[in-house]
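In: For reference, the sequence and a predicted model appear below.
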Amino acid sequence: MIAVTPASPVAQLTGCRYLLGPIFGTIDGMTPSAAANGTATNGTATGGLDAGHPLMDGRTADSPLITAYRGGKPSRRPVWFMRQAGRSLPEYLKVREGVAMLDSCLRPELASEITLQPVRRHDVDAAIFFSDIVIPLKLAGVAVDIVPGVGPVLEKPVRTAADVAALPQLTWEALEPIREAVRLTVAELGSTPLIGFAGAPFTLAAYMVEGKPSRDHLGPRTMMHADPETWAALANWAADASGMFLRAQLEAGASAAQLFDSWAGSLSLADYTRFVAPASTRALDHVRHLGAPLIHFGTGTSELLVAMRDVGVDVVGVDYRLPLDEANRRLGGTVPLQGNIDPALLSAPWEILEAHVRDVIAAGASAPGHVLNLGHGVPPETDAAVLTRVVELIHSIAPE
Ligand code: CP3
């Protein structure tokens, strides 16, 4: 039984295709998402983006990042860091003074400035949009805040069928501050691509059920078994909110999009496949037709990598626990990889960090494409100068 009902007959078709993928396979030379929207992965993605979009007008299509995401040979090794914007940067702390986290995300000039800061400082190959996975909840009218040092906290956890039925619907109009911040950002970025992102339905729903961060995510994991219908309704709500958030960013100018299922590692493969993957497929169904590369990342997901690819993405992000050559073996060499420098080593002596970065590059060489990143976000206490030096090191090693 698939507990999460797909969004539409089209979604149903694509969802089934991924679930049946191991049996029927996908069309040669196409990733699942490309197969779903009928585009090849070799740089000719087409779709619903305007002619003036950075991916369509020549600005970002041949950038090292997009080239590597599409399995081509980039002019230099692309690198960006999850949480590259944020507390590791003094210029971030300065502009955030006296402004609450979620308020900073909803002031377009400020969100744009914060997004650009790490690109200016580190010469990374992508900007990641400064926002948060709970912004779609906030814009829908759910009472949520980010408590410093804690994370997202909801005024009222969502635990019953009635709680889910009472959730307000996110509207397209409410996403205008997001579109505006993206427009301002891409106007400054030139040929550097902007990556949009959203939380995957499980990670978002985990916060909604618990009402706050938790370690084991017992609440949502109990709900999916004890009350699968309520779980499905909640996962679908989260899928549509995240899907609309992604679509707003891509249509306004983002050249790629990453779905973060940060807490999927707490699930068994069976539970992930049955209760979560259909909702993640549904979130991405909102944007597949746009033809931009889609990346899927989670932590502790070594056993889930194939299932995470099979929701229909072009690139898989790998956390620091699994070497990239082993990740590539598990994925059968089908997709470019992103990752996976251990964030802990950013505070180690330079020689140790450099050797580790070179190891990551060597392990990634087996994959059909490799974008350097961390195996999770930049720790707030990281010395920003170390990040800049890591970028210089990576750019100094010629692509193969
Ligand atoms: O540079 C970037 O990566 C862009 C921005 C970004 C933020 N959050 C900004 C942020 C992104 C991509 C996210 C995604 C996000 N938010 C995830 C998925 C990625 C991951 O890290 O696993 C998750 C799980 C959240 C939820 C969340 N928001 C947490 C757990 C926290 C940390 C709380 C704390 O203070 O320790 C946040 C707050 C948050 N989101 C900060 C930033 C820069 C820190 C807030 C601050 O600087 O005051």
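Out: Cool, got the structure.

In: The closest residue to Glu303 other than its chain neighbours and the ligand, how far apart?
Out: Leaving aside its chain neighbours, Glu303 sits nearest to Leu269 (5.5 Å; criterion: CB to CB, 6 or more residues apart in numbering). For glycine as for every other residue, the C-beta is placed from the backbone atoms N, C-alpha and C. Distance, Leu269 to the ligand, using CB to the nearest ligand atom, to the nearest Å: 20 Å.

In: which ones are touching Leu269?
Out: The contact partners of Leu269, by CB atoms under 8 Å, 6 or more residues apart in numbering, come to 303-304, 307.

In: centroid residue for this protein?
Out: Centroid-nearest residue in the chain, with CA atoms, centre = their mean: Gln258, separated by 2.4 Å.

In: Give me the secondary structure label for that one.
Out: What DSSP: H, G, I helix; E, B strand; the rest coil gives for Gln258 is strand.

In: show me what contacts it?
Out: So Gln258 contacts 128, 195-197, 294-297, 317 (CB under 8 Å, 6+ apart).

In: The ligand contacts on the stretch 201-350 of the chain?
Out: For the stretch 201-350 of the chain, the residues in contact with the ligand (CB under 6 Å from any ligand atom) are 203, 213, 260, 262.

In: quick one: which of those is nearest Phe245?
Out: Checking those against Phe245 by CB to CB gives Phe260 as the nearest, at 11.5 Å.

In: For His296, which non-adjacent residue is closest in space?
Out: Val313 (4.3 Å).

In: related to what we said a few turns ago, name only those of the residues of the stretch 201-350 of the chain next to the ligand that count as buried.
Out: Among those, those that count as buried by neighbour count (16 or more other CB atoms under 10 Å) are 203, 260, 262.

In: how about whatever residue of the stretch 301-400 of the chain ends up closest to the ligand, secondary structure?
Out: Closest residue of the stretch 301-400 of the chain to the ligand, CB to the nearest ligand atom: Gly377 (4.3 Å). Classification of Gly377 by three-state DSSP places it in coil.

In: Can you report how many residues lie near Met224?
Out: 23 (other CB atoms under 10 Å).

In: Ends of stretch 211-230, what's the gap?
Out: Stretch 211-230 has its terminal residues 16 Å apart, counting by CA to CA, to the nearest Å.

In: Go through it and flag the buried ones.
Out: Buried-residue list, stretch 211-230, by 16+ other CB under 10 Å: 211, 214, 217, 219-221, 223-224, 227-228, 230.

In: The host helix or strand of Val119: how far from the chain's middle?
Out: Here Val119, judged by DSSP states H and E, is contained in helix 108-122. When C-alpha coordinates are averaged (CA atoms, centre = their mean, to the nearest Å), helix 108-122 and its chain have centres 18 Å apart.

In: Correct me if wrong: the residue nearest to His296 contacts Ile295.
Out: Yes - with contact defined as CB atoms under 8 Å, Val313 counts as touching Ile295 (6.3 Å).

In: Looking at these two, which one has more neighbours?
Out: Val313 (27 against 23).

In: Would you agree that one falls within a strand?
Out: No - assigned with three-state DSSP, Val313 falls outside any strand and is coil.

In: For Ile361, see how far away it is.
Out: Distance, Val313 to Ile361, by CB to CB, to the nearest Å: 22 Å.

In: So which residues on the stretch 51-200 of the chain come close to the ligand?
Out: So the stretch 51-200 of the chain meets the ligand at 82-87, 101, 128, 130, 132-133, 146, 148-149, 151-152, 197 (CB under 6 Å from any ligand atom).

In: For PyMOL, write a command that selects the buried ones of these.
Out: This is how PyMOL selects the buried members of these, with burial counted by 16+ other CB under 10 Å:
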select buried, resi 82+83+84+85+86+101+128+130+132+133+146+152+197
